[in-house]
Structure formats: structure tokens, C-alpha cells
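*Asks:* let me see the structure of the following:
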Amino acid sequence: MNWITMTIRLVPFVIKMVGIVEKLFDDGEGANKKKLVMEMVEGALEAIVGISTGEQKELWTKLEPTISSIIDALAGFLFPHDDEVKV
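*Replies:* As a prediction, this is how the structure comes out:
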């Protein structure tokens with residue numbers, strides 16, 4: 001499975017995880033919340049891809065910047081008063 005297809009498939013998961021993390025941790029620590037979502041997505045990717053190909057590290061290297069940008073865009077849209085978080 002190529003990285004573009006995997007990114008598209010992960011978008012609903014990322015959206016759901018951002019919502020869950022926001023509800024659980026309403027402390028304004030955007031960088032920590034983003035890091036948690038990134039780790040959750042990476043863990044899910046390892047579980048999914050590791051079973052089928054074992055190439056999750058290479059795939060994550062390609063996906064990470066895109067997933068990070070998606071999280072930033074979601075945070076900017078859902079929480080426009082917060083500053084953009086870079087991790």
C-alpha cells in the first residue's frame with residue numbers, strides 16, 4: 001500500500017484522535033496533545049502495516065510530515081484561537 005493511500009485512510013482516524021485528545025486534555029498544551037496524537041497514529045500504523053509488510057518505519061517516515069500538517073490544519077480549524085503547534 002503506498003503512502004498516499006495510507007494517508008487518506010488514516011485521515012478519519014486522525015480526526016477522531018484529535019477530538020478524543022482534546023476532550024481528555026483540556027489544558028491548552030497543544031504541543032503535548034499533538035505529540036500524543038502523532039504517537040497514536042504511528043502505533044496504529046505499526047499495527048496495521050507490521051502485520052502485512054513489516055515496512056512501517058519507512059512508511060511512517062513518508063507519512064509523518066503529512067499527518068503533522070493534517071493535525072495542524074484540524075487544530076487551526078477547530079480551535080482558531082490557539083496558536084499553531086509545531087512538533
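
*Asks:* need the pLDDT of Glu39.
*Replies:* Looking at Glu39, its pLDDT is 90.

*Asks:* now for it, how many residues are close by?
*Replies:* 11 (other CB atoms under 10 Å). No exception for glycine: its C-beta is placed from N, CA and C like everyone else's.

*Asks:* please apply the same query to Glu42.
*Replies:* That count, for Glu42 with other CB under 10 Å as the rule, works out to 16.

*Asks:* any weak-confidence spans in this structure?
*Replies:* 1, 28, 49-56, 80-87 (pLDDT under 70).

*Asks:* centre-most residue in it?
*Replies:* Most central in the chain under CA atoms, centre = their mean is Met38, positioned 4.2 Å from the mean C-alpha point.

*Asks:* for Trp3, which non-adjacent residue is closest in space?
*Replies:* Lys62 (4.0 Å; CB to CB, 6 or more residues apart in numbering).

*Asks:* any buried residues in stretch 23-36, and which?
*Replies:* 30, 33-34, 36 (16 or more other CB atoms under 10 Å).

*Asks:* for those residues, which one is nearest Ile67?
*Replies:* Lys34 (10.0 Å; CB to CB).

*Asks:* circling back: the residue nearest to Trp3 sits in which helix or strand?
*Replies:* Element membership for Lys62 (DSSP states H and E) is helix 56-78.
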